[in-house]
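J.: predicted model follows, preceded by the sequence.
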2 protein chains.
Amino acid sequence: MTSKSLDYENLNENVKKCQYAVRGELYLRASELQKEGKKIIFTNVGNPHALGQKPLTFPRQVVALCQAPFLLDDPNVGLVFPADAIAKAKHYLAMTSGGLGAYSDSRGLPGIRKEVAEFIERRDGYPSDPELIFLTDGASKGVMQILNTIIRGAGDGILVPVPQYPLYSATITLFGGSLVPYYLEETANWGLDIANLRQSVAQARSQGITVRAMVIINPGNPTGQCLSEANLREVLKFCYQNNLVLLGDEVYQQNIYQDERPFISARKVLMDMGPPISKECQLVSFHTVSKGYWGECGQRGGYFEMTNISPKTVEEIYKVASISLSPNVPAQIFMGLMVNPLKPGDISYERYVRESKGILESLRRRAQIMTDGFNSCRNVVCNFTEGAMYSFPQIRLPPKAIEAAKKAGKVADVFYCLKLLEATGISTVPGSGFGQKEGVFHLRTTILPAEEDMPAIMASFKKFNDEFMEQYEDHRGYSRM
Amino acid sequence: MTSKSLDYENLNENVKKCQYAVRGELYLRASELQKEGKKIIFTNVGNPHALGQKPLTFPRQVVALCQAPFLLDDPNVGLVFPADAIAKAKHYLAMTSGGLGAYSDSRGLPGIRKEVAEFIERRDGYPSDPELIFLTDGASKGVMQILNTIIRGAGDGILVPVPQYPLYSATITLFGGSLVPYYLEETANWGLDIANLRQSVAQARSQGITVRAMVIINPGNPTGQCLSEANLREVLKFCYQNNLVLLGDEVYQQNIYQDERPFISARKVLMDMGPPISKECQLVSFHTVSKGYWGECGQRGGYFEMTNISPKTVEEIYKVASISLSPNVPAQIFMGLMVNPLKPGDISYERYVRESKGILESLRRRAQIMTDGFNSCRNVVCNFTEGAMYSFPQIRLPPKAIEAAKKAGKVADVFYCLKLLEATGISTVPGSGFGQKEGVFHLRTTILPAEEDMPAIMASFKKFNDEFMEQYEDHRGYSRM
């Protein structure tokens, strides 16, 4: 029998090579266990509503009305929707040509791109051009499109932090490029050291790779750190000197848990630096409605903003976006609502603020409970989550555990996470899915389980970890930090 | 000054090479004219709601309720929503884990994939496996993912009908494969001749290309023909003999305008043929909520179903889908509603049928008005639109017009369509964007303008065409048919 086009051995090799651990072996096993009736706590992916977070009421009211525009003429509409939601629905419907059922421009609705530009200007203090903002079906699709535009072949390198969110490694592999890792310093709270960057670039060049772009994830995923202004300046200078486009993954910009570590956008720092760098250094920044206190993951809304990218390139990106016609329109409205929120005095304002603050403050407390819980285990070390939605503790595994994993044909942290899953139902992602230094092991968990469940989850983790250690510790030592 | 990563000259060449005429030069010019205040009739893209088609009420009610689940507990909800919409919203929300704001499984919600499988079984008379059905953000994204899975490099060829919908040419170029054209026979109402297929494959092979897949668009886009059962059998046999996976773009399966030419799915014909072919021939079929009488383009909902694809390959496709986490969830609900529609006796059934029939019957009449309108021009020949949403008339251009176009640096049909746009505001797509035989010229227009506007639009076209002919005809002859 001849083998067929879609038989495994005949597939695009890049498809086969790419890995995406967030929904990899651990997730698949968790899904199986769930089918068998086990209670699973899905902390593998930043998916707040799946763990019980309620959507903000106001944006949902507005989008519901946009989906059912015939309600706007219903005399009873005021009985179930507040007047400001009705007004906002009219505002957004007027931006469409045919409501939510019509394709928009492939870059997204011009009116919403304008609201995004105004948001960026308020945030950074510098004007932003709606023509350089494209709305996307979630930030991931935007990242994929930009990487596809950059990568010409295996000789093109993209600097990616390690540990990293595997969207980057997977996409670079899928498009046939080369990932050039730079290591974040765990002992410096996952800080970014420019010396490491230089070394990574030098090494890549010695292998004949042209490094063309650099990714930062700020706040960090899975690492949770916020980059300081000084650090961002160094990064931008480095990109400028090395002729790299900076891809700023800033999807967690609303998820900030330490007042002394605010979020600062790469764009603001770039503009602050003034010419020539502010006029020359190429930057693409990404944002989403999936994170923050919105957590509207299932809607798939995002945008990217381009800085110092020539019109000819923007045209090419527009052309490729147009092949799939348009990003989904309902999520574009969510994006508009996120960047242009209610103001004091609006009928729904107080409720909106109460709901948003409730979520953010609870996330802050949960970050603390989780960090403390991990650090209360003698073989676990965990940096505090300054931002984003994750804890990324280092698990020091005894040699016997590493051997046992090897025998089972597993990477040691996969082995550990699988045991954790079977014992407790907690579904995490092993550190090896994000990258880590040789011989060091981590896991990533979201900080998203309901606050009231958190103490029990951490107790359950600790109990598992203690028993695991008892089983595998030979009282001679741990894996090195 | 050194050139930068995202400067035009440094971009991925495949990005630069791909073309997507549906939103190309004509569309961009039309958008400009609109900005300047000219009234534009956007018939360049099958976007029914943008031309005034009203959404079906019931599905919008259900999705609005799913967006605003708090309404389900509101004592007043029954004043604005019918009971069956409320029940359906509960039905679909129960399938999610966290409502519309949570990522679903990367293949889509299992409950909706099951409803799709049941729909396929009812339609074709053969069971369908939900595990082989993936929901997508519109059919285009599904096509792109499957082509990305198949194409390994320039040596891989994909048979594509000419004229074709440029999603195919653009995507094949973007992923670095080779398009292998097979010509549809205009004089046989755009029929598919197997002899042409054989010739195309032989020619590609002589150039060292491995032909790996074949695309059919049924009903045709831009050509509007429905493939007969006998024709589909020949195609499937051809694919089987030549070891090609068949990609069946069946997004217009509800858009049928001639009773004697019903839609028959490639899958049904394949199953009817029995073993070995029914067990061996690989098929991927695509469907969408954007077409039919739904026209919910802006929601971005679609699915693909795989037949005779091994679990190992399905796993790879699942893995790549998971990189962008999940298709948008609201559109998944639209897909559920489309494949599992209201039944006689449901409160909203009559309204639903009235609305659906109204749209379909009007489309049928509009297809007729348009075909007749084009054929009333002495230099225009137009096949009747059996299905889909387009008219694709051949415009016989006089040599003087072709010369004038050449002088203006334009392909002759682009020249004609631009003049049509400037004179009438009718925004079409030149035939060259879809492919056509050398020296023959077409344009594509949707049949979607409001029925009451249709006579005026066709009169306006005829007037333009007459004047154009008067200007360019030298009374010696036309371009050859």
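T.: Okay, I see it. All of these numbers come straight from a predicted model, not from anything done at the bench.

J.: can you tell me how far A:Asp105 sits from A:Pro311?
T.: From A:Asp105 across to A:Pro311, the span is 16 Å (Cβ to Cβ, to the nearest Å). For glycine as for every other residue, the C-beta is placed from the backbone atoms N, C-alpha and C.

J.: neighbour count for these two, which is higher?
T.: A:Asp105 (20 against 11; other Cβ atoms under 10 Å in any protein chain shown).

J.: quick one, helices of the stretch 51-200 of chain A?
T.: Assigned by DSSP state H, counting those that start in this stretch, the stretch 51-200 of chain A shows helices spanning A:57-67, A:77-80, A:83-93, A:110-124, A:139-150, A:167-174, A:194-206.

J.: ditto for the stretch 301-450 of chain A
T.: Ranges of helices within the stretch 301-450 of chain A are A:311-323, A:329-339, A:349-375, A:399-407, A:412-424, based on DSSP H, counting those that start in this stretch.

J.: deepest in the core, which of those helices is it.
T.: helix A:329-339 (a mean of 28; mean count of other Cβ atoms under 10 Å in any protein chain shown).

J.: what is it packed up against?
T.: With contacts taken as 3 or more Cβ pairs under 8 Å, 6 or more residues apart in numbering or on different chains; DSSP states H and E, helix A:329-339 sits against helix A:57-67, helix A:83-93, helix A:110-124, strand A:133-136, strand A:302-307.

J.: among the helices of the stretch 301-450 of chain A, which is nearest A:Tyr92?
T.: Of all the helices of the stretch 301-450 of chain A, helix A:329-339 sits nearest to A:Tyr92, with 4.9 Å by Cβ to Cβ.

J.: avg pLDDT for that closest one?
T.: Helix A:329-339 shows a mean pLDDT of 98.

J.: distance check, the residue lying closest to A:Pro110 once chain neighbours are set aside against A:Asp137.
T.: Nearest non-adjacent residue to A:Pro110, counting by Cβ to Cβ, 6 or more residues apart in numbering or on different chains: A:Pro130, 6.6 Å away. Relative to A:Asp137, A:Pro130 is positioned 19 Å away (Cβ to Cβ).

J.: repeat that for A:Gly345.
T.: From A:Gly345 to A:Asp137 the distance is 34 Å (Cβ to Cβ).

J.: how about A:Leu247?
T.: Counting by Cβ to Cβ, the separation of A:Leu247 from A:Asp137 is 18 Å.

J.: before we move on, what about A:Ile317?
T.: 15 Å.

J.: re earlier: which of the helices of the stretch 51-200 of chain A is buried the deepest?
T.: helix A:57-67 comes out most buried of the helices of the stretch 51-200 of chain A by mean count of other Cβ under 10 Å, with a mean of 26.

J.: report the angle between that helix and helix A:349-375.
T.: Helix A:57-67 runs at 120 degrees relative to helix A:349-375, counting by axes from the mean of the first three to the mean of the last three Cα atoms, to 10 degrees.

J.: what does helix A:57-67 rub up against?
T.: By Cβ atoms under 8 Å, 6 or more residues apart in numbering or on different chains, the residues outside helix A:57-67 that reach it are A:71-72, A:77, A:81-82, A:84-86, A:88-89, A:92-93, A:99-100, A:294, A:296, A:330, A:333-334, A:337-338, A:342, A:348, A:351-352, A:355, B:60, B:63-65, B:67-71, B:330.

J.: circling back to that earlier point, out of the helices of the stretch 51-200 of chain A, which gets nearest to A:Gly435?
T.: Nearest of those (Cβ to Cβ): helix A:167-174, 7.4 Å.

J.: restricting to C-alpha, output that closest one in CSV.
T.: Output of helix A:167-174 as CSV, limited to C-alpha atoms (Å, rounded to 0.1, in the frame of the first residue of the first chain):
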residue,chain,number,x,y,z
LEU,A,167,3.7,30.1,21.3
TYR,A,168,7.1,31.4,20.3
SER,A,169,9.0,28.2,20.0
ALA,A,170,6.1,26.5,18.3
THR,A,171,5.5,29.3,15.8
ILE,A,172,9.2,29.7,14.9
THR,A,173,9.4,25.9,14.3
LEU,A,174,6.2,25.9,12.3
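
J.: which residues does it contact?
T.: A:14-15, A:17-20, A:140, A:143-144, A:147-148, A:151, A:158, A:160, A:178-179, A:215, A:435, B:148, B:320, B:323.

J.: in three-state terms, label the residue nearest the centre of chain A for me.
T.: Chain A has A:Val251 as the residue nearest its centroid, 5.6 Å off, counting by Cα atoms, centre = their mean. At A:Val251 the chain is in coil, as set by DSSP: H, G, I helix; E, B strand; the rest coil.

J.: was I right about it contacting A:Ser285?
T.: No - judged on Cβ atoms under 8 Å, A:Val251 makes no contact with A:Ser285 at a distance of 9.8 Å.

J.: contacts only, for the closest residue to A:Asp74 other than its chain neighbours.
T.: Excluding the flanking residues, the one nearest A:Asp74 by Cβ to Cβ, 6+ apart is B:Val80, at 5.5 Å. If a contact means Cβ under 8 Å, 6+ apart, then B:Val80 has A:71, A:74, A:76-77, A:79-80 as its contacts.

J.: got it, and A:Cys417?
T.: A:Cys417 touches A:26, A:428-430, A:443, counting by Cβ under 8 Å, 6+ apart.

J.: and the residue nearest to it when sequence neighbours are not counted, how many neighbours?
T.: Excluding its sequence neighbours, the residue lying closest to A:Cys417 (Cβ to Cβ, 6+ apart) is A:Pro430, at 4.6 Å. If you count neighbours by other Cβ under 10 Å, A:Pro430 ends up with 26.

J.: again with the one 5 residues further on
T.: Other residues within reach of A:Gly435, judged by other Cβ under 10 Å, total 21.

J.: I'd guessed it sits against A:Pro163; true?
T.: Yes - counting by Cβ under 8 Å, A:Gly435 does reach A:Pro163; the two are 5.1 Å apart.

J.: anything in contact with each of these two?
T.: Counting by Cβ under 8 Å, 6+ apart, nothing touches both A:Gly435 and A:Pro163.

J.: quick check: mean pLDDT of stretch A:285-300?
T.: For stretch A:285-300, the mean confidence score works out to 97.

J.: ok, stretch A:15-35 near chain B or not?
T.: Yes - counting by Cβ under 8 Å from any Cβ of the partner chain, chain B has neighbours in stretch A:15-35: A:15-16, A:18-20, A:22-24, A:31.

J.: out of those residues, flag the one nearest to chain B.
T.: A:Arg23 (3.9 Å; Cβ to the nearest Cβ).

J.: any idea how far the closest residue to that closest one other than its chain neighbours lies from B:Phe42?
T.: Computed as Cβ to Cβ, 6+ apart, the closest residue to A:Arg23 that is not its neighbour in sequence is B:Ser322, at 3.9 Å. For B:Ser322, the distance to B:Phe42 (Cβ to Cβ) stands at 36 Å.

J.: and for A:Phe464?
T.: For A:Phe464 relative to B:Phe42 (Cβ to Cβ), the value is 60 Å.

J.: same question for A:Gln253.
T.: From A:Gln253 to B:Phe42 the distance is 36 Å (Cβ to Cβ).

J.: again, but for A:Asp193
T.: Distance of A:Asp193 to B:Phe42, computed by Cβ to Cβ: 53 Å.

J.: correct me, but A:Ile120 touches A:Leu132?
T.: No - with contact taken as Cβ under 8 Å, A:Ile120 and A:Leu132 are classed as non-touching, separated by 10.0 Å.

J.: so who does the residue nearest to A:Ala94 when sequence neighbours are not counted touch?
T.: Ranked by Cβ to Cβ, 6+ apart and with sequence neighbours excluded, the top spatial neighbour of A:Ala94 is A:Gly111, at 7.8 Å. Contact analysis of A:Gly111 by Cβ under 8 Å, 6+ apart lists A:92, A:94-95, A:336.

J.: any idea which of the residues you listed is closest to B:Glu451?
T.: Distances from B:Glu451 to these, taken by Cβ to Cβ, are shortest for A:Ala94, at 25.3 Å.

J.: those residues of the stretch 201-350 of chain A touching chain B, which are they?
T.: So far as Cβ under 8 Å from any Cβ goes, the stretch 201-350 of chain A lies against chain B at A:212-213, A:243-245, A:280, A:282, A:284, A:295-300, A:306, A:308-310, A:312-313, A:316, A:319-320, A:322-331.
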